[in-house]
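Novice: The sequence isn't on hand, but the structure is:
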């Protein structure tokens, strides 16, 4: 591996760590954060969650399976998608899921708020941010309890 590639990866890792530390620091403020520690309960643990984005086109379906969750990531090149186990965690203002897809870290953040899909002009009840390896994807989401 070239030294410049290692440097870029180390810089990216440091930026991710800096962003995580900033997010944790924000938890101690009173700007919309529940200082009492109440976690987001707006999506039932048994609901199926659908996420979608465009440019590039992608989709993720997260559904409960046994005692955990399975996320299926699909693209136009892989319509059937790839299923992986993910861990669900609730924050103050949304849900997170984490796992690993083809050796790359997968992090999903789902937060309440109107999200407009510019291709279909549909409005969804959640915004989605997905980190997959070095890529960051932005999109919208809905649940089986709140269909579009």
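Specialist: Looks like it arrived, so ask away. The structure presented is a predicted model; accordingly, all values stated were derived computationally and were not measured. Residues are numbered from 1 along each chain as shown.

Novice: Run through the bridge partners of the spatially most central residue of the chain.
Specialist: Central residue check for the chain by CA atoms, centre = their mean: the C-alpha nearest the mean position is that of residue 108, 1.6 Å away. Taking DSSP bridges as the rule, residue 108 bridges to residue 97, residue 130.

Novice: Surely it touches residue 130?
Specialist: Yes. Judged on CB atoms under 8 Å, residue 108 makes contact with residue 130 at a distance of 5.2 Å. (C-beta placed from N, C-alpha, C; glycine too.)

Novice: Quickly note the distance from the residue nearest to the centre of the chain to residue 100.
Specialist: Look at residue 108 and residue 100: by CB to CB, to the nearest Å, they are 12 Å apart.

Novice: quick one on the thing from earlier: quick one: common contacting residues for residue 108 and residue 130?
Specialist: The overlap between the contact sets of residue 108 and residue 130 (CB atoms under 8 Å, 6 or more residues apart in numbering) consists of 51, 60.
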